[in-house]
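Peer 1: model this:
(2 chains)
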Number of protein chains: 2
Amino acid sequence: MIQIINLKKRPVGMPTLADFELKKEDDNLKTADGEILLNTKYLSVDPYLRGRMSDAKSYVPSFEVGKPITSGIVAEVIDSKNEHFKKGDFVSGMLEWKTKQISKGEGLQKVDADKVPLSAYLGIVGMTGLTAFLGLHEIGKPKEGETLVVSGAAGAVGSVVGQIGKILGLHVIGIAGTDEKVELLTSEFGFDHGINYKTTKDMKSAIQKAAPNGVDIYFDNVGGPISDAVLFSINKFARMVICGAISVYNSTELPTGLSVQPFLVRNSALMQGFIVSNYADKFPEAMKQLSTWLSEGKLTYRETIVEGFENTPQAFLDMMKGNKKGKMVVKA
Amino acid sequence: MIQIINLKKRPVGMPTLADFELKKEDDNLKTADGEILLNTKYLSVDPYLRGRMSDAKSYVPSFEVGKPITSGIVAEVIDSKNEHFKKGDFVSGMLEWKTKQISKGEGLQKVDADKVPLSAYLGIVGMTGLTAFLGLHEIGKPKEGETLVVSGAAGAVGSVVGQIGKILGLHVIGIAGTDEKVELLTSEFGFDHGINYKTTKDMKSAIQKAAPNGVDIYFDNVGGPISDAVLFSINKFARMVICGAISVYNSTELPTGLSVQPFLVRNSALMQGFIVSNYADKFPEAMKQLSTWLSEGKLTYRETIVEGFENTPQAFLDMMKGNKKGKMVVKA
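Peer 2: Numbering: from 1, shown residues only, chains lettered A, B, ... in the order given. The predicted structure is shown next:
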């Protein structure tokens, strides 16, 4: 039997298990010419999936109700009628939440199981690392000596952004939501400062104190009041990389906050939405740099591996609630 | 006697005449080596001056209480001990609100009184035109066939932005606050559509209707609820030029509105604060283009000329309240 996870209905507010549906089908998959048969090994669960579960206007199409979710997956080729792939290859790409599936191989990249652990291709040398690297470089345009603030700093993307910031010679401040995560920022990921936004009454002052020279780059994974507080410290020509807004993804009403426009005018500052897929032409170079740093021990990462394909929805929910450190991956 | 207008106190909310002070001093100005003596001919009053009257953090220094306001001024050289200027020259630049003053000539540009009217150097071929031209080009990056929305569209900057948009082959929609102004947008400035935000109940729908292909560039002079409504129509890779936020300059509390971050992420869109002085290296080329278009009859402008140096504060207040069309200038 093949297992499949469909979107059962569009979540309202924070998703629940009832929004997903586990189905089983007979395994009668056969490859035609040009096709490969894939066996899912690891599945990635990420905040951006929440957006695709809604039907709000977006250029990334929404998931269809009654159809499988797709996300980053590492799979093994178990049968091939495609000259580019052979049995035993491992591939990474956007695939459906199924234990087995047929693909034409488009958009899939072969990955080396010996070089780094397979799950890392969903994280530090996959979309997570690419998002951190390209978001910081392409929009943040870091210059040595500048100050970088990262929100969602202990998360999969945030922890890599901060580490790259340190490699590049920036003063790096991370914002996270538990003392344990904040401790990790400085002890494990090398940030200069960590701020716990849940126990800090005056975030505006805390950021001003941690960033005495002001903030040049803000890598924003969360949006909401944390991001409002950062605005008071931005420098002239500050760049704000809007990578995610996890704090408001589950809002049932349109979120409101400080008007950013007066801050932008006053500081000739920039805010830009970042989606890693827009920068696909830069993936090879960025992956090379990330692998190098990883092999040199300059980058470290945490991952939480959940066992069992059928637990993917629960893993997604735990990730959305912040009940994890580092990259959340499911081992099928 | 020389007349001088000082900032008497920092305005709270909408400025009033009581925030300014008219002083008179004996005229004993004498030029030293390298100096010129200037007689003020025209003074420019602009929304951005409101920002400089506050003491909020900004890289453009605030005006000092008890000291003269400065703004764009066209003056005649009435005495010169500077080899670059001679008696009878006209100059344009940032100068103090004084009927006569001494200058070393730094930052002043000679202007040709025969080519265009002197007041135009404060408007269409001065900061106003440069703001429109450079804001649209440097941040908006217009491409033929795209859709441009302009707020404060009947204002000095907005009306030029829309006209340049039409020259470049864009679909141009203007937003203004009276039926008379909206009429002017299409009849005089060549916009494709005008929307009166004061009489339109559902701005979101009105913009969607006027921009059926979505909005690629938003040139924002006002901020606030109008700008919130535009967000619902932005296209992938939209560019929002944040040139001003006149709707909130007089707020005594920090203005709030829709959180822009989710819109920016969803559309890989950009918002950037624009201040024309950051682009000084592009002034000569831009002024040349603006003069050419003006002489070819491709650009038109309106100005309101208020007579009398002592009426400058009132002219500023009238401009802030929107009681004018086009560029507001004071004839000293």
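
Peer 1: count of neighbours near residue A:213?
Peer 2: The local packing of residue A:213 (other C-beta atoms under 10 Å in any protein chain shown) involves 11 other residues. Every residue, glycine included, has its C-beta placed from N, CA and C.

Peer 1: Chain B versus the closest residue to it other than its chain neighbours, what's the distance?
Peer 2: Residue nearest to residue A:213 in three dimensions, not counting chain neighbours: residue A:147, with 5.7 Å by C-beta to C-beta, 6 or more residues apart in numbering or on different chains. Computed as C-beta to the nearest C-beta, to the nearest Å, the residue A:147 to chain B distance reads 15 Å.

Peer 1: Return the set of residues that bridge with residue A:147.
Peer 2: Note on residue A:147: beta-bridge partners residue A:171, judged by DSSP bridges.

Peer 1: Show me what from chain A comes close to chain B.
Peer 2: Near chain B, the residues belonging to chain A are A:51, A:56-59, A:220, A:223-224, A:227, A:232, A:236, A:242-245, A:248-249, A:254-275, A:278 when assessed by C-beta under 8 Å from any C-beta of the partner chain.

Peer 1: Let's see which of the residues you listed end up in helices.
Peer 2: Residues of the residues of chain A next to chain B located in helices (DSSP state H): A:51, A:224, A:227, A:261-267.

Peer 1: Nearest to residue A:330 among those residues?
Peer 2: residue A:51 (19.6 Å; C-beta to C-beta).

Peer 1: pretty sure that closest one contacts residue B:266?
Peer 2: Yes. Using C-beta atoms under 8 Å, residue A:51 is in contact with residue B:266, at 6.9 Å.

Peer 1: So between these two, which is more surrounded?
Peer 2: residue B:266 (22 against 18).

Peer 1: could you pull out the helices for chain A?
Peer 2: Under the criterion DSSP H, helices of chain A are mapped to A:48-53, A:127-134, A:156-167, A:179-187, A:203-210, A:224-231, A:261-267, A:283-295, A:312-320.

Peer 1: Pipe those into a markdown table and attach mean pLDDT and distance to residue B:140 per row.
Peer 2: A markdown table is the format used below for the helices of chain A (pLDDT from 0 to 100; distance: least, C-beta to C-beta, whole Å):
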| stretch | mean pLDDT | distance to residue B:140 |
| --- | --- | --- |
| helix A:48-53 | 90 | 27 |
| helix A:127-134 | 95 | 24 |
| helix A:156-167 | 96 | 29 |
| helix A:179-187 | 95 | 38 |
| helix A:203-210 | 97 | 31 |
| helix A:224-231 | 95 | 23 |
| helix A:261-267 | 93 | 15 |
| helix A:283-295 | 88 | 29 |
| helix A:312-320 | 95 | 36 |
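
Peer 1: In JSON lines, list these along with distance to residue B:8.
Peer 2: What follows is these, written out as JSON lines (distance: least, C-beta to C-beta, whole Å):
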{"stretch": "helix A:48-53", "distance to residue B:8": "52"}
{"stretch": "helix A:127-134", "distance to residue B:8": "52"}
{"stretch": "helix A:156-167", "distance to residue B:8": "46"}
{"stretch": "helix A:179-187", "distance to residue B:8": "48"}
{"stretch": "helix A:203-210", "distance to residue B:8": "31"}
{"stretch": "helix A:224-231", "distance to residue B:8": "30"}
{"stretch": "helix A:261-267", "distance to residue B:8": "23"}
{"stretch": "helix A:283-295", "distance to residue B:8": "56"}
{"stretch": "helix A:312-320", "distance to residue B:8": "55"}
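
Peer 1: Minimum distance to residue B:188: which of those has it?
Peer 2: Closest to residue B:188 of the helices of chain A is helix A:261-267 (C-beta to C-beta; 27.6 Å).
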